[in-house]
Structure formats: structure tokens, C-alpha cells
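Trainee: Got a predicted structure plus its sequence, pasted below:
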2 protein chains.
Amino acid sequence: MMNIKDIARLAGVSASTVSRVVNGKKYVKPEIRERVLDLVRENGYVPNNAARSMVLKRTFTVGIVVPDAFNMFQRQLFSAIERKLEGYGYGTRFFLVKAEPESEKACLGRLKAEMLDGVIMLLEVDDPEFYAVIADSGLPVVLCTFGRADLGLPSVHIDEEAAAKAATAHLIGLGHERIGLLAGAQFSFGKQRQAGYEAALREARIPVMAGRVVVVPSYTAEAGRMGMKELLGREADLTAIFAVTDELAVGAIRALYEAGRPVPDAMSVLGFDDIDISASLSPSLSTVRQPIAEIGTEAAEIIYRLISGVPAETDPIILPYTLLARETTKRREGRDRNGNMA
Amino acid sequence: MMNIKDIARLAGVSASTVSRVVNGKKYVKPEIRERVLDLVRENGYVPNNAARSMVLKRTFTVGIVVPDAFNMFQRQLFSAIERKLEGYGYGTRFFLVKAEPESEKACLGRLKAEMLDGVIMLLEVDDPEFYAVIADSGLPVVLCTFGRADLGLPSVHIDEEAAAKAATAHLIGLGHERIGLLAGAQFSFGKQRQAGYEAALREARIPVMAGRVVVVPSYTAEAGRMGMKELLGREADLTAIFAVTDELAVGAIRALYEAGRPVPDAMSVLGFDDIDISASLSPSLSTVRQPIAEIGTEAAEIIYRLISGVPAETDPIILPYTLLARETTKRREGRDRNGNMA
DNA sequence: TAAAATCCTGCAAACGTTTTCAGAAGCATT
DNA sequence: AATGCTTCTGAAAACGTTTGCAGGATTTTA
């Protein structure tokens, strides 16, 4: 591997001059600049980033903390962030953390070892020390797709509870009253979306029944399928299901398919997130769209400002969601099974 | 940020000693070791990787080159690689490359700047110079999910053509003869899978008709939907479709749904890859499973051996595929529309 | 033509590590 | 008491950059 001194020797100049040429600095005689540039091209010389960042004390890299098993939603979010940051001359670097808390610790260590310029958290870490350590190491952070009012860190996300409430209200508006919920315990959005579901029911004076709720262990299609089976077993008379995630909804639809209950005729199903495949399903999945591109762009924008020394704005940025009433939700027809309009 | 000298000063020892403690070297008095370790913990000291890799000339990191818009299949592959490499004490780092050839050049530069210990290519780069530069910079490489016989680089993948042939033969075995193909031009698997499709037809003495093939511009569900619409427009009498990708198949099913042609009763659809959602679709998608975990593990294994100095085995590792006959493919019933058993 | 300003260049220090080397200290063996 | 092992420790060099500084060369200004 060529280094700066090799090029310098070849060009008959000092390393300083090569450095100046490579970094486009002024004060290099044009003819020397040309010669060096040629040598750089011929030899495919690229400055070593480790050495570079040692002296500059910055890496032009922001770390993206994501769950080990990141899903399509996070994948798309990442793309949006990447694109925006690239425009600012910054690269990104993944930091995967597994479900185990020990993995969070390890991630913290890796973050510190890397001299990052900033961190975007796509993953909600429970350990408050995690944020504390990052924050008082002076590393810019932004929370993305979730917030933590207690921490005073900038964040960008939707109003999860309001969105889930609107989603549930959509089902209610279609005439549904016995609405099941596929909720999850894993991240705070699980609880927030559940709260939204309950709020919508309460507002419509529909009793919130624990028997209509299943809390699944993970947000996968298979978990959704199992959850739906459970729900079908214990509550035969649901007419609609709100799954707090599109993957869950896909699994729920699968369970209904296996049970011979066609969607949306026998049961309406509503998801959340609008992952890229949702619109292409047959029937297409009704869901709540998070403005992925905007969330990612905004997070990138904030981290860039933070890195550039603009003081942090710690009020959360709340972006608008969109309810997408597609084909898996349908007005409830037929007789009201039990006269009373609760 | 604490550095090694800070810890050294605090402990009243030299940096050398701290280094020895942190790296678990012998020849440090137990009581000093304890004191240093305490200080390290208290202050959350983590050695700076840039400085570390400068002197060690290795980073314990392997680069993973992936397409900018990597899909779930690649996402899962990455997980398998990551897991295996982690066990060997290596981390991974993403290098995204966009569809533009200029982006490949940029990626090459980034790879060189990073002092990686090895590279796993999940993306097929066309530019032969790309491989040439990497190869003669002495950087270990393994191609994953594709091969390049001409380059003499280690690779691990399935026999794409044989798999596609078997897939098509499955449809033929179910009594289908007028089989459409949703092919793609983007990577070599597109052509290889198309070749397999044609080989199966030829073997069954079914004429290969250009009108039954649509080459889509990308491997997305939406592209599959458009392609299928195109196919429906020009060929009304197909009974089965082979889509070279599961995403494409999802889109095809969508187009059929919109056209009122139920799958699998009116049309069988077969995908390829077995992405994680395929089994949970309704009906579940028949497809060809690539052994994702095995491919990833094997690639990680090879790169590890290469890094460790074990001479390269350049014969491609061909792993077995599995045909998954699920619910979207079905025996063709009813009359043979035109008597002749071609 | 002298002085001042500008342009160009190289030396050397610095960034945070690891490791070689040399030497000190302790201990056991002659 | 000298010798040879271990065990321990720190100084210093090295890794590949960037940049402040000093000085030389060139141009501009007076």
C-alpha cells in the first residue's frame, strides 16, 4: 500500500506538499500540483483514514445504532439518513446491538473506540447510563423514531399514540367495535401504540377488553401469526385487528387465511409503518405511514447541525403520520350482532 | 476523552504498562494490574481504534460491499456473516455502492482508506479493475452469492442456473407449459436464472417464446407488478409465472389480484430466494430457498482463513438450494387447451 | 533598487497506540 | 558472592497523516 511519503519521494517533494495537493490547499505551484496529482492517480493513492482522523480528531463519520435484527423500516430509514449525510460529506457506520443488555455495553465501547463525529440512535436502549456516557463525552446524539423526554436529547419521531389512536378510530369509523390488538412489549412504541388503541376505544365508549389484546414477543410475521391464532382461539367474534407493525399484520392475515377467514371480508386488518412491501400485498395492507424519508432527513440534518456546533434544540421534532386506508380494512356490513349500540 | 496517558498518569505508571494491562499481556505486577483495571473501568477508558490500527496495521474489521438499496435477502446474509465473524473477534463495516459506476470507484477508494483486513462482496461489481486493484493490494476477498470464474477469486453461491431450471421444472411437473418469466438484467443471477428457465423448457420440449419473458429494470415488487401487467397484456394464456426474485413474485401476484386472476387457481407463481416474509404470505409463496445462513457462514469462514494466512481455495463453493413448493404453485387442472402434448 | 507582500516549500511536532529494547529488581542456583 | 533466570517497568520508535512555523523565492509596491 502506497503512503504519502512514497508519493512524495516519487514526485521529488515533501509529504507536506503531497498533503496540500490531496486536500486541495492553496500555495502549491501548479506544475507540481499536476505532477503529484498524476502520481496519485497512477498509484491509486488514498490517504489512510486512521492516520488522518488521528490528527484531525474527527472522522467525518456518524454512527448509526440499530438493532441487530433491523427490519425493512429501519433499513429504509437508514437509506434516507445515509443519503442526506453523504451530501454533507459525512459517511455512516453501523453499530448493531443485540437484545441482550450486555450487547448495549459492548456497543458503547465500540462507539467510544471509533472517534465518531456523532451518533444517530435508531434503537431504543433502556440503560440510562448509555445515554449519559455518550452525552457527557460531548458526542452529538439524536434519537430517531423515538424520544426520551427525561434525557433532554434531540429526537425526531411521530406522535405514536396519536397515530395509533387515529388508526383505531379508522376501524371504529368503519363500523367495527370488537377490535383486537396485536401489541408488543419490546420498544416503547409498543406501549404507546397500545395506549393509542385504548384511547380511541375509550373515546368511542367501547370497552377495552384485555381478552382482545395479545402482546407478542417480537415484531415478526411469525409472531403475528401466532398472536392472531391465540386471539382467534379466545375471541371468536372480532371483526377487526390492529397490528402495531406491518410484519405483525402480515402474520395475522396469514393466520386468518389458515383459519379460512378472508381479509377484509371476514376481518379487517390494519398495520403500522408502511414497509415497502405493504402496498404490493394482495390485498394491499391498510396501515399508518411514518414519513420515513423525512424522519431520516431531519435526523441527519440535526446531527449535522450539532456536529457543526449549532446549539441543540432539544424539543422533539414531531412529524406527521398518514393513515393509508387500503384494501385490508373495510366497512363492517350486516346485522349488529347484539342490538346495543354501546 | 481519556487516553492511555491519562490512565497512566492516574495510576502512576507508564503508558506501556497500561497498554499491557488492557491487552492482557503477561509481566505486570498483579497489584498494578488491579489498580490500572479499576481506573480503566472508572473512567470508561477504551483504546482508540485509529491509533491502535495504525501500529498494528490491522483493524479486525472486514468490509461488506453491498448494493445501496440492499434487500431483505442481503440483510439476512449480512446477519449470518456478522454473527460468524464476531465469533472470530472480527467486526464488519458496510460499504454501500449505488447503481452508478462512479459509485464503484468511490467505494474502492473508501475500502483502501480503511485498512480493512478483508472484504466480502455481496454486490457484483462489473468493473474488472475493481477486483484487480483489491486483489493486487493483497486484500483478502470473497465473492458471496455470485462467482466470477475469470478472476480466480474464492466465492460461495448456489448453482443459479440449476436452481432456476429445477424451479421451472417444478412448474412443468405440475402440468404447466405456458410459463411466463419475470427476469432481470441487473446482476448476473438475472441472466443465469433466465438460462435455467430456458434450459428446463428445452429439456421438456416446450418452445422458448420471447413473448413470455419480461425483463424488469429492478427487483422490486412494483417492478414485478408492472412486468406482470405487461405479460398479461401481451399473453393472455399463461398458466404459470416464474419470477426470478420473491419481491418480483409479490408484485406479480398483486398484478394478478388486480386483474382478478386468483393465485394459484388461475395462475401459479413461483419466486426465488425465500425472503423472510415469503412463508407468511397468504397464500404462502412457493420459491427456491438459498441457504442464507450457510452461505454467510461459509463466506465468513473463508475470509477468516484468508486473513489468517491460509492459502486461498479458489474453486467456488457451491451450496445446495431447496425448492419450496408452497401454496402459490398448483397442479394445472382441466382440459389441455390444444390437444398436442408437445 | 529596496522594502513589503505574496507565494511556495520542507521540517518537525503532534495525534494515541503497541512493542522492542534495555535495564532494574528479585530470586534461585552455583 | 557471582551468575543466571524470571519478572517487571519505562523510554523511545513507529504507524501515516496534517499543519504551524520558518525561511526562501518571487512578485508587487514605493
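Mentor: Now that the structure is in, tell me what you want to look at.

Trainee: closest point of the stretch 201-342 of chain A to DNA strand C, which residue?
Mentor: Here the stretch 201-342 of chain A gets closest to DNA strand C at one residue, A:Ile307, 18.2 Å apart by C-beta to the nearest atom of the strand. (Each C-beta comes from the backbone N, C-alpha and C, glycine too.)

Trainee: Let me know whether that residue touches A:Leu139 as I believe.
Mentor: No. Shown here, A:Ile307 and A:Leu139 do not form a contact pair, counting by C-beta atoms under 8 Å, at 9.6 Å.

Trainee: Give me the common contacts of these two.
Mentor: A:Gly118 (C-beta atoms under 8 Å, 6 or more residues apart in numbering or on different chains).

Trainee: how many other residues sit next to the residue of the stretch 201-342 of chain A closest to DNA strand C?
Mentor: 19 (other C-beta atoms under 10 Å in any protein chain shown).

Trainee: which bits of the stretch 51-200 of chain A sit near DNA strand C?
Mentor: Residues of the stretch 51-200 of chain A lying close to DNA strand C by C-beta under 7 Å from any atom of the strand are A:Ala51, A:Met54, A:Val55, A:Lys57.

Trainee: Can you tell me the element A:Gly251 falls in?
Mentor: Element membership for A:Gly251, per DSSP states H and E: helix A:246-258.

Trainee: thinking again about what came up before, turn the residues of the stretch 51-200 of chain A next to DNA strand C into CSV, including secondary structure, neighbour count and pLDDT.
Mentor: As requested, those are exported to CSV (DSSP: H, G, I helix; E, B strand; the rest coil; neighbours: other C-beta atoms under 10 Å in any protein chain shown; pLDDT from 0 to 100):
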residue, secondary structure, neighbour count, pLDDT
A:Ala51, helix, 17, 97
A:Met54, helix, 15, 97
A:Val55, helix, 8, 97
A:Lys57, coil, 10, 96
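
Trainee: can you give me the strands for the stretch 201-342 of chain A?
Mentor: Along the stretch 201-342 of chain A, counting by DSSP state E, counting those that start in this stretch, strands occupy A:213-216, A:240-243, A:268-270, A:287-289, A:317-319, A:322-324.

Trainee: Pull out the buried residues from the last one.
Mentor: Just to be clear, that refers to strand A:322-324. A:Leu324 (16 or more other C-beta atoms under 10 Å in any protein chain shown).

Trainee: List the neighbouring strands of that strand plus their orientation.
Mentor: Within its sheet, and counting by DSSP bridges, strand A:322-324 is paired with strand A:287-289 (antiparallel).

Trainee: Nearest residue to the middle of chain A?
Mentor: For chain A, the residue nearest the mean C-alpha position is A:Gln74 (3.9 Å; C-alpha atoms, centre = their mean).

Trainee: ok so, going back, what subset of the residues of the stretch 51-200 of chain A next to DNA strand C is also close to DNA strand D?
Mentor: A:Ala51, A:Met54, A:Val55.

Trainee: Quick check: the gap between A:Thr297 and A:Val13.
Mentor: Using C-beta to C-beta, to the nearest Å, A:Thr297 is found at 43 Å from A:Val13.

Trainee: OK, contacts around A:Gly271?
Mentor: A:Ala243, A:Thr245, A:Asp246, A:Leu248, A:Ala249, A:Val250, A:Ser278, A:Leu285, A:Ser286, A:Thr287, A:Val288, A:Thr328 are the contacts of A:Gly271 under C-beta under 8 Å, 6+ apart.

Trainee: By neighbours, which of those wins?
Mentor: Going by other C-beta under 10 Å, A:Ala243 tops the contacts of A:Gly271 with 33 neighbours.

Trainee: hang on, that residue packs against A:Gly184?
Mentor: No. Applying C-beta under 8 Å, one finds A:Ala243 not in contact with A:Gly184, separated by 9.3 Å.

Trainee: where does A:Arg33 sit relative to A:Lys26, distance-wise?
Mentor: Plainly put, A:Arg33 is 10 Å away from A:Lys26 if you go by C-beta to C-beta.

Trainee: Ok, A:Tyr304 next?
Mentor: For A:Tyr304, the distance to A:Lys26 equals 26 Å [C-beta to C-beta].

Trainee: Save the ones next to DNA strand D among the residues of the stretch 51-200 of chain A next to DNA strand C as CSV, and put in distance to B:Arg193 too.
Mentor: Shown next, in CSV, are these (distance: C-beta to C-beta, whole Å):
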residue, distance to B:Arg193
A:Ala51, 45
A:Met54, 47
A:Val55, 50
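
Trainee: Which one of the residues you listed is nearest to B:Val119?
Mentor: A:Ala51 (20.4 Å; C-beta to C-beta).

Trainee: residue ranges with poor pLDDT in chain A?
Mentor: For chain A, applying pLDDT under 70 flags the ranges A:235-236, A:334-342.
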